[in-house]
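Trainee: need coordinates for the following:
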Amino acid sequence: MHEISLIENLLESVLPEVETQRSLGQNVQGLAVTIGAMELHSAEAFRQAFTIGARDTLLAGARLELTIVQPEVNCPSCGFHGAFPDDRIDPHNPDPIMACPACGKPAAVEGGRGIQQLELLLAE
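Mentor: Next up is the predicted model:
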């Protein structure tokens with residue numbers, strides 16, 4: 001359900017521009033989305049939600065280019081700065097703090113949230 005809600009909001013924001021582009025004679029072939037990993041349960045669920053949500057819209061059958069931005073851990077105690085462990089990504093957890101993978105002390109989680117970029121993919 002989470003991905004469906006994301007797609008509904010995303011489509012609501014881009015469909016007016018798709019309509020404008022079509023009125024100008026442009027053929028919109030798809031949508032490129034850059035999104036934080038902590039927004040998704042899975043890329044596949046997001047793709048399926050897009051296919052279902054875009055049905056009966058101007059983006060029906062359009063391709064989806066999905067770029068997922070991973071969060072990072074930044075530890076003020078030991079200075080560790082690196083990738084957030086994939087097995088710890090939980091879109092239900094809004095807490096921006098986790099145990100540092102190097103020293104175990106509280107560390108900030110940075111990035112990996114929100115829709116960061118949307119781009120209509122036009123026919124050339």
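
Trainee: would you map the strands across this structure?
Mentor: 28-36, 63-69, 72-74, 81-83, 97-99, 106-110, 115-122 (DSSP state E).

Trainee: quick one: the ones you listed as a markdown table, columns for mean neighbour count too.
Mentor: Placement of C-beta: from N, CA and C, glycine included. What follows is the strands of the chain, written out as a markdown table (neighbours: other CB atoms under 10 Å):
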| stretch | mean neighbour count |
| --- | --- |
| strand 28-36 | 18 |
| strand 63-69 | 15 |
| strand 72-74 | 18 |
| strand 81-83 | 12 |
| strand 97-99 | 14 |
| strand 106-110 | 17 |
| strand 115-122 | 14 |
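
Trainee: distance of the nearest residue to S77 once chain neighbours are set aside relative to E44?
Mentor: Using CB to CB, 6 or more residues apart in numbering and skipping residues adjacent in sequence, the residue nearest S77 is K105, 4.2 Å away. Separation of K105 from E44 (CB to CB, to the nearest Å) stands at 35 Å.

Trainee: V14 now?
Mentor: When distance is defined by CB to CB, V14 is 21 Å away from E44.

Trainee: could you do V73 as well?
Mentor: Taken as CB to CB, the span from V73 to E44 is 25 Å.

Trainee: beta partners for the residue nearest the centre of the chain?
Mentor: Central residue of the chain (CA atoms, centre = their mean): I35, 2.2 Å from the mean position. For I35, the beta-bridge partners under DSSP bridges are I68, I115.

Trainee: right, and it touches I115 too?
Mentor: Yes - I35 is within contact range of I115, at 5.0 Å (criterion: CB atoms under 8 Å).

Trainee: any common contacting residues for these two?
Mentor: Counting by CB atoms under 8 Å, 6 or more residues apart in numbering, the common neighbours of I35 and I115 are L6.
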